[in-house]
Every structure is written in C-alpha cells, then in structure tokens.
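Q: Any chance you can model this:
(2 chains)
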Amino acid sequence: GAGVSQSPSNKVTEKGKDVELRCDPISGHTALYWYRQSLGQGLEFLIYFQGNSAPDKSGLPSDRFSAERTGGSVSTLTIQRTQQEDSAVYLCASLSPTGYEQYFGPGTRLTVT
Amino acid sequence: AQTVTQSQPEMSVQEAETVTLSCTYDTSESDYYLFWYKQPPSRQMILVIRQEAYKQQNATENRFSVNFQKAAKSFSLKISDSQLGDAAMYFCAPNSGGSNYKLTFGKGTLLTVNP
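A: Residues are numbered from 1 along each chain as shown, chains lettered A, B, ... in the order given. Reported below is the predicted structural model:
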C-alpha cells in the first residue's frame, strides 16, 4: 500500500514569511507525529496527534509553530514568520497500530533565506 | 525524559564483514519498544528492526540482529555480511511506551561500507 507522503519535497522561503508543510499518513494509522532534523539539534520530536487531537505538543519550539489534523488523516504543520534557525528537514510519521513502529515520509527540506 | 547515546559517530566495515553499532539509553518507562532506523542520503527513514522491551529474546531480521540488555539499557545493532546498500546513517530510538509512543533519537552513527 501507499506509504506516508509529504509535500513539498523542498521549500525555500524568505525570512518572515509563513510556510505550510503537509503530511498524508498511511491509511488507517490514527497516530501521527512530526519531527525536525537539523544539523545542530539532530532529530527531535515536535508534536503527536491521536486522531484530530494533539495531546502532546511539547516539542514545538515556539508559538510560531502550529499544526492541525483534519478527518483523522492529513496534517499540516505551519510555521509563521520563519526564521533562519527554522531551516531543517521536517519529517512526518504515522504509527502502526499493531507493531508500534513508526513509518516515515520522505521529509520536507525547509530553507529560510 | 528519555536520552539516547550513540557513542560512535562514524563506523566503517568491509563488504561481507560484520559490524556492531552501539546504543545506550535512559528511560523511566517500564513498557516500551526500541528501534533501529537507517537513513541513506535520500533522507528516507527506513525501519531496520524493532525490539519489545518485555521480551528477553533478541530480535533478528535477516542480516540484522540486536543485542538487548535491558538492565544495562543497552541496545546494539549487528549487521552481518555487510552490503554496499547498508551504507547510511543509523539511528537508535526507544519510544515512550503507552503514553504516546513518540521516539527519542540518538545522534546517529554514519556507516561506510568499503568494497
């Protein structure tokens, strides 16, 4: 079946602009995660969704970051007023309900100039 | 909070040889899972192997196996008969168990496979 998809693959934006990153999880996976991968911080958790609710937002680095999920499927991560330190690869994953492993999308590379 | 230490930033192995990647972690969870993921230059994170913490038997997946020592909080990955396609960054990642299963990653080990 289809895996996790993310769009866009790459995004270049100017400092101060808003960006939206999209994640489409594996069908039937109710839990969804966003992670950020940067040279300085490595791979870090951002937010967890169960269905459309986000019971754990503890990894969001500032209030410029927000995420939503609709219909228990597609999720959007929004970064407002982007800063250069937001440059990173943003990875989305969905959780297998049987084996508890996470399946990752190909990521979105965000570059803030 | 969980912490994960991968003490080998880089490793190299000859094709067809065996290599072991180290990982230690700290967790307050009693029930959790552990994973190894590989990330080739394409940046796609690929699941290599999983281990349930409640199981004493070490997981095996074809050429990949783990040595899981729960008391020592150690979770190493052994790759046998290394192939050129095994070259990648490898990440050790325990999850947070029944709360939300989020992953905590180590900083990774870059594996080079020499022909």
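Q: Quick check: residues of chain A near chain B?
A: Residues of chain A lying close to chain B (Cβ under 8 Å from any Cβ of the partner chain) are A:31, A:33, A:35, A:42-45, A:48, A:50, A:55-56, A:89, A:91, A:93, A:95, A:99-104, A:106-107, A:109. In this view, the C-beta of every residue, glycine as well, is placed from N, C-alpha and C.
Q: Buried members of those residues into PyMOL, please.
A: Of those, the buried ones can be selected in PyMOL as follows, counting by 16 or more other Cβ atoms under 10 Å in any protein chain shown:
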select buried, chain A and resi 31+33+35+43+44+45+48+50+56+89+91+93+95+100+101+102+103+104+106+107+109
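Q: Run through the residues that contact residue A:84.
A: Contact partners of residue A:84, counting by Cβ atoms under 8 Å, 6 or more residues apart in numbering or on different chains, are A:15, A:112, A:113.
Q: now the second one, which residues is it bridged with?
A: To tie it back to what came earlier, the one meant is residue A:112. residue A:13 (DSSP bridges).
Q: Spit out the contact partners of the spatially most central residue of chain B.
A: Geometric centre of chain B, nearest residue: residue B:36, 3.2 Å, by Cα atoms, centre = their mean. For residue B:36, the contacting residues are B:21, B:23, B:47-49, B:64, B:66, B:75, B:77, B:90-93, by Cβ under 8 Å, 6+ apart.
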